[in-house]
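Undergrad: The sequence and its predicted three-dimensional model are supplied below.
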Amino acid sequence: MHKGKPEIKSKVKARIRQRIRKKIRGTSERPRVFVFKSNCYVYAQVINDEQGAVIAAASTQEKTFKEKNKNTKNKGACEALGRMLAGRLKEKKVDRIVFDRGIYPYHGRIKMLADAMRKEGLVF
């Protein structure tokens, strides 16, 4: 039986994710910020891998985000998402993080999100 393209793509993405995750661990002092991009939205979660718990999350799909921003996928939206997530982390007294870009290259929207978080005072 011939393997289809989607099956091969998902295995490649899983390998990339595994390779990155091998080097990056989130702790209670430095939680991991994981980014996921869908076709329409961008999601970011702050995870403590020691406990397997999500500390904070933000997405461009939230009602509060959509009220302030017109677009949900462009660089401006990612910058606003980074500021929003950084604010939520400041409330929880987290100022040091580990950035997990997932399977995405570190440029464009992912870089804008990370730079916005850095501008808000997060260290990584």
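TA: Received, thanks.
Undergrad: Other residues contacting stretch 76-91?
TA: For stretch 76-91, the external contacting residues (CB atoms under 8 Å, 6 or more residues apart in numbering) are 33, 42, 44, 46, 55-60, 65, 68-69, 71, 95, 97, 109-110, 112-117, 119-122. Just so you know, the C-beta spots here come from the backbone N, C-alpha and C atoms, and that holds for glycine as well.
Undergrad: Can you tell me the centre-most residue of the protein?
TA: In the chain, the C-alpha nearest the mean C-alpha coordinate belongs to residue 35, at 2.0 Å (CA atoms, centre = their mean).
Undergrad: residues in contact with stretch 59-71?
TA: Contact partners of stretch 59-71, identified using CB under 8 Å, 6+ apart, comprise 40-44, 58, 72-73, 76-78, 80-81, 84.
Undergrad: One more: stretch 26-44?
TA: Stretch 26-44 has contacts (CB under 8 Å, 6+ apart) with 24-25, 45-51, 55, 57-61, 72-73, 77-78, 81-82, 85, 94, 96-102, 104, 109-110, 113, 117, 124.
Undergrad: if we can go back for a sec, only whichever of the contacts of stretch 76-91 are buried, select them in PyMOL.
TA: Here is the PyMOL command that selects the buried residues among these (16 or more other CB atoms under 10 Å):
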select buried, resi 33+42+44+46+55+56+58+59+60+65+69+97+109+110+112+113+114+116+117+120+122
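Undergrad: Can you list which of the contacts of stretch 76-91 are found in helices?
TA: When the contacts of stretch 76-91 are checked against helices (DSSP state H), the matches are 65, 68, 109-110, 112-117, 119.
Undergrad: Can you tell me which of the residues you listed is nearest residue 8?
TA: residue 110 (23.6 Å; CB to CB).
Undergrad: pretty sure the closest one contacts residue 116?
TA: No - using CB atoms under 8 Å, residue 110 is not in contact with residue 116, being 11.1 Å away.
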